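Q: give me the fold of what follows.
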Amino acid sequence: MTIRTPSIEDHPDLASLRLRYEEAAETPTGQVVEGLTFIAGLYLAISPWVVGFTSHSSLTASNVFTGVALAVLALCYATMYGRSHRIAWVAPVISAWTIVAPWLVSGPAPSVGAIVSNVIVGLVGLACGIAMMSVGRRRVAGTAGFGASGEPLREVRRP
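A: You can find the predicted model right below:
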């Protein structure tokens, strides 16, 4: 006799946890943070042409790739935060790279405008990334040990 073991995807606690993360992402704070992260990513991707440092090819490539990555992460947060909350730590890492990239990438020294642009966008992305990480945790931490209805969780024994 074969007994089918249900997958982790069918576990009711996982479904309620995803629902709580989705609800947290639908708050006005979550939506503002997602939007600002998306705009910061788009600006970072086009900043070499806006600020005018396309002659620094390595910094231009870095900004384009990290900007697109940040914008895609923001889209993931906006559309499926319940499934992508585990990678919320990536946005602050990308943003920290954006801040230090002008000094670490190879090539000629970037202009002051390029440095200021990267630092400002990096700080905005860093703040938004940290806020996005806390958006999902704030509600979950407040109900730790309790079910979705606020009742204490009980141990259920199955035969």
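Q: so residue 107 lies in a helix, does it not?
A: No: read with DSSP: H, G, I helix; E, B strand; the rest coil, residue 107 is coil and lies in no helix.
Q: which elements pack onto the top helix by length along the chain?
A: In the chain, taking DSSP state H as the definition, the longest helix is helix 112-142. Where contact means 3 or more CB pairs under 8 Å, 6 or more residues apart in numbering; DSSP states H and E, helix 112-142 is packed against helix 12-25, helix 28-47, helix 57-84, helix 90-104. In this view, the C-beta of every residue, glycine as well, is placed from N, C-alpha and C.
Q: next, the angle from it to helix 28-47.
A: 160 degrees (axes from the mean of the first three to the mean of the last three CA atoms, to 10 degrees).
Q: pull out the buried residues from helix 112-142.
A: Buried residues in helix 112-142, defined by neighbour count with 16 or more other CB atoms under 10 Å: 114-115, 117-118, 121-122, 124-133, 135-136.
Q: quick check: chain neighbours aside, which residue is closest to residue 123?
A: residue 99 (6.8 Å; CB to CB, 6 or more residues apart in numbering).
Q: same question, residue 98
A: Counting by CB to CB, 6+ apart, the residue nearest residue 98 is residue 122, at 3.7 Å.
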